[in-house]
Structures are given as C-alpha cells and as structure tokens.
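Visitor: attaching a predicted model along with its sequence, questions to come.
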Amino acid sequence: MAEVIITLKIMPESPEVNLKKVFEKVREHVNKFGEIGKVVEEPIAFGLKSLKIFFIAPESKGNPEDELIPLIQKVEGVANSEIIDVRRTLE
C-alpha cells in the first residue's frame, strides 16, 4: 500500500500564542497517524504566524481529518486547523 504526505495547517488564537508549545501538544496526536517530516512557521500578517506540519501516513489509514482535526481543535491556543494538502508518495 502507498503512503501519503499530508499538510496540516494550524492557526493560533493570537500572535502571542507560543507555537512551540502548541506543536508539542499537537505532535502527540499527529504521531498516532503518521511520521512527522517537517514543521514550518509561516507568517500571515501583523505578527500572526501559522504552523504547517508535514507528515507521512499509510494510505490504508484513510483520511485522518475526521479524527485528527477535532483533537487538534481542543488544544489550548488553537483557533483553527485544517488539512490543506494530501499527496501520494512515489514508490
């Protein structure tokens, strides 16, 4: 079975939210679905930054959005989260 690369975007509640602490809490949830490959802080506007997490998961696990997004939404400091990209890896 193939693997997929999933890009997860997390928006904090405000520019004051510590994204490193948010990532530490979110990492536990993401690791249940796959292996984190890359984490990027992306500037949005007025000091606000989003957190993009790229991880690899087996395609057989299906779409993690139904299970993963509700867990991340409960993390303190998270305003919004969404899966913005899913791509199949080359074998």
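Guide: Nice, I can see it. Numbering: from 1, shown residues only.
Visitor: going forward, measure contacts between C-alpha atoms and count neighbours the same way
Guide: Fine.
Visitor: give me the longest helix you can find in the protein.
Guide: The longest helix of the chain (DSSP state H) is helix 19-30.
Visitor: what bridges to residue 83?
Guide: Beta bridges link residue 83 to residue 8, judged by DSSP bridges.
Visitor: residue 11 is in contact with that one, correct?
Guide: No. Assessed by Cα atoms under 8 Å, residue 83 is found out of contact with residue 11, at 11.7 Å.
Visitor: count the residues that sit near residue 81.
Guide: By other Cα atoms under 10 Å, the residues close to residue 81 number 21.
Visitor: convert the C-alpha atoms of the lowest-mean-pLDDT helix or strand in the chain to PDB, please.
Guide: Lowest on mean pLDDT, DSSP states H and E among the helices and strands of the chain sits helix 65-73, with a mean of 90. Extracted as PDB, the C-alpha positions of helix 65-73 are listed here (Å, rounded to 0.1, in the frame of the first residue of the first chain):
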ATOM      1  CA  GLU A  65      -9.300  14.600   9.000                       C
ATOM      2  CA  ASP A  66     -12.400  13.100  10.800                       C
ATOM      3  CA  GLU A  67     -10.300  12.000  13.800                       C
ATOM      4  CA  LEU A  68      -7.300  14.300  13.900                       C
ATOM      5  CA  ILE A  69      -8.900  17.800  13.400                       C
ATOM      6  CA  PRO A  70     -11.300  17.500  16.300                       C
ATOM      7  CA  LEU A  71      -8.400  16.500  18.600                       C
ATOM      8  CA  ILE A  72      -6.200  19.500  17.500                       C
ATOM      9  CA  GLN A  73      -9.100  21.900  17.800                       C
END
